[in-house]
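S.K.: Curious how this folds, go ahead:
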Amino acid sequence: MDEYFAAKQKLLVQSDTAYVSKTIYDMVLPALQKKTHIYPTAYDLRTTQFIGEHNEKNCALTFEVVKAFCAQVQSIRNDEEIRHAI
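M.R.: The predicted structure is shown next:
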């Protein structure tokens with residue numbers, strides 16, 4: 001887990017902005033927290049073929065990032081379309 005976190009923090013240093021779970025947010029340096037966005041880590045995996053808590057978290061983060069991106073570029077997509085894409 002230490003190696004995973006070190007790799008994640010290294011990515012955050014190189015990023016302009018990042019989307020992370022609350023768990024990761026709480027662990028990173030305060031300077032990096034300024035450029036991160038916290039998203040929920042719960043996603044109903046029954047709508048996917050994925051199994052496991054780590055995939056649930058990845059799907060939740062993916063869902064929120066895609067939703068935010070669609071809003072930013074004014075490409076209106078409803079939640080169901082995003083879930084279907086995932």
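
S.K.: residues touching the residue nearest the centre of the chain, list them.
M.R.: For the chain, the residue sitting closest to the mean C-alpha position, by C-alpha atoms, centre = their mean, is residue 61 at 2.7 Å. Contacts for residue 61 (C-beta atoms under 8 Å, 6 or more residues apart in numbering) come out as 19-21, 39, 41. For the C-beta atoms, the positions are set from N, CA and C on the backbone; glycine is no exception.

S.K.: if we go to 7 Å?
M.R.: 19, 21, 39 (C-beta atoms under 7 Å, 6 or more residues apart in numbering).

S.K.: Adjacent strands (with direction) for the helix or strand hosting residue 19?
M.R.: Here residue 19, judged by DSSP states H and E, is contained in strand 18-20. Strand 18-20 pairs in its sheet with strand 36-38 (parallel), by DSSP bridges.

S.K.: and for the partner strand, what are the contacting residues?
M.R.: Counting by C-beta under 7 Å, 6+ apart, 12, 17-20, 22, 25, 28 sit against strand 36-38.

S.K.: For that strand, which residues meet the burial criterion?
M.R.: 36, 38 (16 or more other C-beta atoms under 10 Å).

S.K.: next helix or strand past that strand?
M.R.: With DSSP H and E, the next secondary element past strand 36-38 is helix 53-72.

S.K.: Restricting the selection to alpha carbons, write that following helix to PDB.
M.R.: Below are the C-alpha coordinates for helix 53-72, written out as PDB (Å, rounded to 0.1, in the frame of the first residue of the first chain):
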ATOM      1  CA  GLU A  53     -14.300  -3.000  -3.800                       C
ATOM      2  CA  HIS A  54     -11.300  -1.600  -5.700                       C
ATOM      3  CA  ASN A  55     -13.400  -1.700  -9.000                       C
ATOM      4  CA  GLU A  56     -16.400  -0.200  -7.200                       C
ATOM      5  CA  LYS A  57     -14.100   2.800  -6.200                       C
ATOM      6  CA  ASN A  58     -12.600   3.100  -9.700                       C
ATOM      7  CA  CYS A  59     -16.100   3.000 -11.300                       C
ATOM      8  CA  ALA A  60     -17.400   5.700  -8.900                       C
ATOM      9  CA  LEU A  61     -14.400   7.900  -9.700                       C
ATOM     10  CA  THR A  62     -14.700   7.300 -13.400                       C
ATOM     11  CA  PHE A  63     -18.400   8.100 -13.300                       C
ATOM     12  CA  GLU A  64     -17.900  11.400 -11.500                       C
ATOM     13  CA  VAL A  65     -15.000  12.500 -13.700                       C
ATOM     14  CA  VAL A  66     -16.800  11.800 -16.900                       C
ATOM     15  CA  LYS A  67     -19.900  13.600 -15.600                       C
ATOM     16  CA  ALA A  68     -17.800  16.600 -14.700                       C
ATOM     17  CA  PHE A  69     -16.000  16.600 -18.000                       C
ATOM     18  CA  CYS A  70     -19.300  16.400 -19.900                       C
ATOM     19  CA  ALA A  71     -20.500  19.400 -18.000                       C
ATOM     20  CA  GLN A  72     -17.300  21.300 -18.600                       C
END
